[in-house]
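Trainee: have a look; sequence and predicted model below, questions after that.
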Amino acid sequence: MIRKIFRSGNSLVVALPTETLQQLFLEDGSEVDVALTDDRTGIIVKSAAHGIARISPEYVSRVDAFIDNYRPALEELSQR
């Protein structure tokens with residue numbers, strides 16, 4: 001996929017496709033590791049969480065909603 005490099009402030013930027021970001025569970029503020037390929041003809045962009053279990057933001061949202069919904073019961077169970 002061809003992408004353009006553009007200026008943002010004093011930096012040059014490449015915008016990544018939304019689908020790619022979603023598949024890697026990356027969002028605004030996520031950290032990435034940027035490296036040159038061994039032959040120095042390209043770059044590799046990896047999630048900084050590579051190798052660490054990644055949890056989708058949708059899953060986190062569902063767990064948060066579950067906890068909010070059942071907080072009293074969960075707190076009671078934690079006291080037993």
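Mentor: On my side now, so go ahead. Residues are numbered from 1 along each chain as shown.

Trainee: how many residues are close by the residue lying closest to residue 12 once chain neighbours are set aside?
Mentor: In space, and not counting its chain neighbours, residue 12 is closest to residue 5: 5.2 Å by Cβ to Cβ, 6 or more residues apart in numbering. The way it works is simple: take the backbone N, C-alpha and C, and place the C-beta from them, glycine included. Applying other Cβ atoms under 10 Å, we find 8 residues neighbouring residue 5.

Trainee: quick check: residue 5 vs residue 79, distance?
Mentor: As defined by Cβ to Cβ, to the nearest Å, residue 5 lies at a distance of 57 Å from residue 79.

Trainee: kindly report the same for residue 1.
Mentor: Distance of residue 1 to residue 79, computed by Cβ to Cβ: 54 Å.

Trainee: correct me if wrong: residue 32 contacts residue 43.
Mentor: No. With contact taken as Cβ atoms under 8 Å, residue 32 and residue 43 are classed as non-touching, separated by 10.7 Å.
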